[in-house]
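> build the 3D model from these lines:
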Amino acid sequence: MNRNSSATERSARRRRPLATLGTFAATLLLSVFAVSAFAQGDSTGAKAGAQDYSDAERIIFMNEHLGALQPPQTLVYRFSRSGTLEAGFEDHVTLRLSPSAAGSCCDGEVDFLGAGRQLMLPTVEAARANPVILYFLEHDVREMSRLTQGQHNHFRRRIRMAIYQGAQVEERALEYQGRTITARQVLITPYADDPNRARFERFADKQYMFWISDEVPGGVFGIATRMNARDAGTEPLMIDELYLEGATAPI
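As a prediction, this is how the structure comes out:
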């Protein structure tokens, strides 16, 4: 493993989490995500370490995506899988938001996909950033583990580090309910420089894309992952896409 990369990972693991996404039930297998900016922490530590977070972390995990919502509300997302690796399908993710114990927005409860594919995940309490991001990532981690027989925490750690130090951020014009909106696009390739790349070579160039916008309910326009085939010009191995109802997939 590259010595500088290892030192960076140790530094990131020491950072205290910001109070953004709320307290997770112990059964939620997000232990590595929660070490960083992805779960509730003390505000003193967050303030002290405010300069140690990347733009991508702030966009994805620290912005108060739910701040303008008045619960109860339900957000529905379209989920689809396509590509040559497995049979494709279309489904939905439903996020139900209710007032938290403090009266603020929101506690989040999810139905992630339908019967036969449903991923059981606990409620996220006192969320301010949109928990559908972590639900999507946890689903992705489990799928990567299934496809490669790799460890869940390895994939969580690589995603976290890519958002911390390797993300590309740009503004995009997107279409939502027939109107043009502005979104911030975050692109990461967590496994491109993975020291264990040889074990997952077929999936090593996998891309993750996040589209975050204050102009859509809940702040998350969409999230997608793409695994290209190794031979140029052939169809992608697998594409997973999640978009808010009313959103037109980016070109």
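> please, where are all the helices along the stretch 101-250 of the chain?
132-148, 152-165 (DSSP state H, counting those that start in this stretch).
> adding mean neighbour count and distance to residue 234, write these out as TSV.
All C-beta atoms are positioned from the backbone trio N, CA, C, and that covers glycine. Converted to TSV, those look like this (neighbours: other CB atoms under 10 Å; distance: least, CB to CB, whole Å):
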stretch	mean neighbour count	distance to residue 234
helix 132-148	20	18
helix 152-165	22	25
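> which residues of the stretch 101-250 of the chain score low on pLDDT?
232 (pLDDT under 70).
> could you count how many residues lie near residue 211?
Residues lying near residue 211 (other CB atoms under 10 Å) number 24.
> kindly report the same for residue 100.
Residue 100, neighbours per other CB under 10 Å, totals 18.
> and the residue nearest to it when sequence neighbours are not counted, what are its phi and psi?
In this structure, residue 100 finds its nearest non-sequential neighbour in residue 126, 4.5 Å apart by CB to CB, 6 or more residues apart in numbering. Main-chain torsions, residue 126, degrees, to the nearest 10: phi 50, psi 40.
> wait, residue 126 touches residue 99, no?
No: distance between residue 126 and residue 99: 10.1 Å, which falls outside the contact criterion (CB atoms under 8 Å).
> the more surrounded of these two?
A direct count of neighbours by other CB under 10 Å for residue 126 and residue 99 places residue 126 higher, at 18 against 13.
> all strands of the chain, in order?
Taking DSSP state E, the strands of the chain run over residues 23-24, 73-82, 89-99, 105-112, 124-125, 168-176, 179-188, 207-212, 220-227, 238-244, 247-248.
> among these, which comes closest to residue 63?
Of all the strands of the chain, it is strand 207-212 that lies closest to residue 63, at 7.0 Å by CB to CB.
> just checking, what packs against the closest one?
For strand 207-212, the packing partners by 3 or more CB pairs under 8 Å, 6 or more residues apart in numbering; DSSP states H and E come out as strand 179-188, strand 220-227.
> output the strands of the chain as CSV; include the columns distance to residue 156.
Formatted as CSV, those follow (distance: least, CB to CB, whole Å):
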stretch, distance to residue 156
strand 23-24, 13
strand 73-82, 20
strand 89-99, 19
strand 105-112, 17
strand 124-125, 16
strand 168-176, 21
strand 179-188, 13
strand 207-212, 13
strand 220-227, 14
strand 238-244, 17
strand 247-248, 26
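> what about these, which gets the closest to residue 195?
strand 179-188 (16.8 Å).
> include distance to residue 204 when you put the helices of the stretch 101-250 of the chain into TSV, please.
Below are the helices of the stretch 101-250 of the chain laid out as TSV (distance: least, CB to CB, whole Å):
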stretch	distance to residue 204
helix 132-148	10
helix 152-165	10
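> which one, of those helices, ends up nearest to residue 250?
Between those, helix 132-148 lies closest to residue 250; by CB to CB that is 16.0 Å.
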